[in-house]
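> return atomic coordinates for the entry below.
(one chain, ligands or ions: 1)
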Amino acid sequence: MNLGLEMDCDELVELVTEYLDGALDPATHRRFTEHLALCAGCAEYVEQMRETVRLAGTLGEDDLRPDLRDKLLAAFRGWRTGTTPSP
Ligand SMILES: [Zn+2]
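Take a look at the predicted model:
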């Protein structure tokens, strides 16, 4: 156990499913939320995971809406087109 030590990003990522399940012990939960308060990247990651779990709880994987998937893919392409134009 690393009680009292600051949590790092890798540990947070490993614990995120337990966090969302409410399965963390109180001390670990506190370190988790302390890291979230300080780390915008992890906070965003947890929000995405929370949304994913929420959707997975109500939909099967096969039910992912094609329009939503296309929208996500378009967003990812949008990041890239600025730096790596396609031939
Ligand atoms: Zn982090």
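
> for H35, which non-adjacent residue is spatially closest?
M7 (4.3 Å; CB to CB, 6 or more residues apart in numbering). In this view, the C-beta of every residue, glycine as well, is placed from N, C-alpha and C.

> no wait, L20
V53 (5.4 Å).

> relative to D70, how far out is the one you found?
Look at V53 and D70: by CB to CB, to the nearest Å, they are 22 Å apart.

> cool, and E18?
E18 is 32 Å from D70, by CB to CB.

> comparing the two, which residue is more hemmed in?
Taking other CB atoms under 10 Å, E18 and D70 do not tie; E18 has more neighbours (14 against 10).

> for the more buried one, identify the helix or strand it belongs to.
Element membership of E18 [criterion: DSSP states H and E] is helix 9-21.

> is that helix anywhere near the ion?
Yes - counting by CB under 5 Å from the ion, the ion has neighbours in helix 9-21: C9.

> over to stretch 43-51?
No - using CB under 5 Å from the ion, we find that stretch 43-51 stays clear of the ion, coming within 7.7 Å at best.

> what sits up against that stretch?
The contact list for stretch 43-51 (CB atoms under 8 Å, 6 or more residues apart in numbering) reads 12-13, 16-17, 19-20, 36-37.

> which of those sit farthest apart?
T17 and A37 (20.0 Å; CB to CB).

> phi, psi of T52?
phi -60, psi -50 (degrees, to the nearest 10).
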